[in-house]
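Novice: Sharing a sequence plus its predicted fold:
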Number of protein chains: 2
Amino acid sequence: MRLDLLLKQMSFIHEIDKLKYVFRKSKLFSSDRHENDAEHSWHLAVMAIVLAEHANEPIDILKVLKMLLIHDIVEIDAGDVFLFDSVVRQNNAVAEAKAAERIFGLLPEAQAAELIAIWEEFEAAETAESLFARAIDNLEPLLQNVSNGGGTWEEFSVSYEKVIDKKSVIKHGSRALWDFTEKLLQESHKNGILKKEEELRTI
Amino acid sequence: MRLDLLLKQMSFIHEIDKLKYVFRKSKLFSSDRHENDAEHSWHLAVMAIVLAEHANEPIDILKVLKMLLIHDIVEIDAGDVFLFDSVVRQNNAVAEAKAAERIFGLLPEAQAAELIAIWEEFEAAETAESLFARAIDNLEPLLQNVSNGGGTWEEFSVSYEKVIDKKSVIKHGSRALWDFTEKLLQESHKNGILKKEEELRTI
């Protein structure tokens, strides 16, 4: 037993329990309860396993899983930022990088470096794995909104056009999932749970 | 886009949201809130990534992650059963097998078969991957009890001897993690948060 390694690893395992207290804007699929980051990360990982065949390019699914499982850990320090709040999102990048150093830094050096690199790859959104992981990360809250009667779209008066604009990143990871998403958004508009800009202006 | 596949996959993704409502006996590391199965599965997956080097044998970490991410999904139908309740645990096996058929059965056929096989491999506890996954699954609630002042040991008067007996399966997946666990249990006894049988009898 390498006790020095194990103690560092246990300290990290203990610390990340706090992700269960970071609540997102989105609510669960069929309830009014907000989702926490740990549940969210679990759901994304299972989605990636199930939807991997729809990726645009061949992907290393193990790397995608690692990305999705750790991508929100920085929010323990930096907090969750709503996708449609672009000002705060930009300012938060520094806080998130600092959080990555502190939290992954609890691990033995080589492991810390590996997980920070994976987190940075996810953030940079350039590789096939990170593009697919981000597609999944963008898809889940959208499915939640469709399932629970509009969710954050209703609550924060987010328009159809803004959703199309922000969520179109899905196509960089999976054109098939984006085609499906577009259909869902059109249906959501028809059902009245997602309004176009001109409709929001007249409310 | 293969719409027939996607609709089945989406139906599964929607269904497993219910894992976020299945609460375990164990509580979080530093609070009095019970943990739900989705959070639990996430924590185990990250633990497996971080602790993989301590496995007794070389393991396919991707398979271990798949196991840990899906191992509790059957509890959506069959419910969570406390480790130390051996009568209910045995009866529950039939309900769990039925749940696996129903829930994984929402997926396209080949995927359903793959995930059921992985779940069965986890349950059978014979391969290197399943033995390591089960070590991690047994370790997490033990760490929680150590962290939150005794947790379920205190609440249900579980003895030191019973914990040693039930948790010793950890050694089949990782002797290093079992050595570490034994030390934690000895410390927990010294600190008074885990009592020996004779001490429980005199309370």
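Specialist: Happy to help now that I have it. Residues are numbered from 1 along each chain as shown, chains lettered A, B, ... in the order given.
Novice: which of the residues in the lowest-mean-pLDDT helix or strand in chain A are buried?
Specialist: Of all helical and strand segments in chain A, the minimum by mean pLDDT, DSSP states H and E falls on helix A:86-104, at a mean of 87. Buried residues in helix A:86-104, counted by 16 or more other CB atoms under 10 Å in any protein chain shown: A:92, A:96-97, A:99-100, A:103-104. Every residue, glycine included, has its C-beta placed from N, CA and C.
Novice: between those, which is closest to chain B?
Specialist: A:F104 (10.1 Å; CB to the nearest CB).
Novice: Under the pLDDT cut-off, which ranges of chain A? List them.
Specialist: A:1, A:87, A:203 (pLDDT under 70).
Novice: now A:E123: how far from chain B?
Specialist: To chain B, A:E123 is 18 Å away according to CB to the nearest CB, to the nearest Å.
Novice: Take the buried residues of helix A:86-104 and write them to a markdown table, including distance to chain B.
Specialist: Listed next are the buried residues of helix A:86-104 as a markdown table, based on distance: CB to the nearest CB, whole Å:
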| residue | distance to chain B |
| --- | --- |
| A:N92 | 22 |
| A:E96 | 18 |
| A:A97 | 20 |
| A:A99 | 16 |
| A:A100 | 14 |
| A:I103 | 11 |
| A:F104 | 10 |
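Novice: which residues are contacting the least confident helix or strand of chain A?
Specialist: Applying CB atoms under 8 Å, 6 or more residues apart in numbering or on different chains, the external contacts of helix A:86-104 come out as A:12, A:15-16, A:70, A:73-79, A:81-83, A:111-112, A:115-116, A:119-120, A:123.
Novice: switch to 10 Å and redo it
Specialist: For helix A:86-104, contacts defined as CB atoms under 10 Å, 6 or more residues apart in numbering or on different chains pick out A:12, A:15-16, A:18-19, A:70, A:72-83, A:85, A:105, A:111-120, A:123, A:166.
Novice: Which of these fall within helices?
Specialist: A:12, A:15, A:70, A:75-78, A:111-120, A:123, A:166 (DSSP state H).
Novice: which of those residues are buried?
Specialist: Neighbour-count burial within the ones in helices among the contacts of helix A:86-104 applies to A:12, A:15, A:70, A:75-78, A:111-112, A:115-116, A:118-119, A:123; the criterion is 16+ other CB under 10 Å.
Novice: backbone phi and psi for A:R24, please?
Specialist: Dihedral pair for A:R24: phi -90, psi 170, per degrees, to the nearest 10.
Novice: Give the helix, strand or coil label for A:E126.
Specialist: Secondary structure state of A:E126, per DSSP: H, G, I helix; E, B strand; the rest coil, is coil.
Novice: Now do it against A:Q186, distance only.
Specialist: The gap separating A:E126 from A:Q186 is 30 Å, by CB to CB, to the nearest Å.
Novice: Between those two, which has more neighbouring residues?
Specialist: Neighbour count, other CB atoms under 10 Å in any protein chain shown: between A:E126 and A:Q186, A:Q186 has more, with 13 against 10.
Novice: quick one: the more buried one and A:L194 touch, right?
Specialist: Yes - the pair A:Q186 / A:L194 is scored as a contact, 9.1 Å apart, by CB atoms under 10 Å.
Novice: Distance from the least confident helix or strand of chain A to the middle of the chain?
Specialist: Helix A:86-104 has its C-alpha centroid displaced from the chain centroid by 15 Å (CA atoms, centre = their mean, to the nearest Å).
Novice: can you tell me which residues contact the residue nearest to the spatial centre of chain A?
Specialist: The residue lying closest to the centre of chain A (CA atoms, centre = their mean) is A:D137, at 3.5 Å. For A:D137, the contact set (CB under 10 Å, 6+ apart) comprises A:40-41, A:44, A:47-48, A:67-68, A:71-72, A:83, A:122, A:130, A:169-170, A:173.
Novice: one more time with 6 Å
Specialist: If you count contacts by CB atoms under 6 Å, 6 or more residues apart in numbering or on different chains, A:D137 has them with A:L44.
Novice: Same check on A:H34?
Specialist: The contact partners of A:H34, taken as CB under 6 Å, 6+ apart, are A:23, A:27.
Novice: Pairing-wise in the sheet, spell out the partners of it.
Specialist: Beta-bridge partners recorded for A:H34 (DSSP bridges): A:K27.
Novice: Could you check how far A:I193 is from B:I103?
Specialist: Separation of A:I193 from B:I103 (CB to CB): 27 Å.
Novice: In JSON lines, list the buried ones among the ones in helices among the contacts of helix A:86-104 along with distance to A:G151.
Specialist: Output for these, formatted as JSON lines (distance: CB to CB, whole Å):
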{"residue": "A:F12", "distance to A:G151": "33"}
{"residue": "A:E15", "distance to A:G151": "30"}
{"residue": "A:I70", "distance to A:G151": "25"}
{"residue": "A:E75", "distance to A:G151": "19"}
{"residue": "A:I76", "distance to A:G151": "24"}
{"residue": "A:D77", "distance to A:G151": "26"}
{"residue": "A:A78", "distance to A:G151": "23"}
{"residue": "A:Q111", "distance to A:G151": "36"}
{"residue": "A:A112", "distance to A:G151": "36"}
{"residue": "A:L115", "distance to A:G151": "31"}
{"residue": "A:I116", "distance to A:G151": "32"}
{"residue": "A:I118", "distance to A:G151": "29"}
{"residue": "A:W119", "distance to A:G151": "27"}
{"residue": "A:E123", "distance to A:G151": "25"}
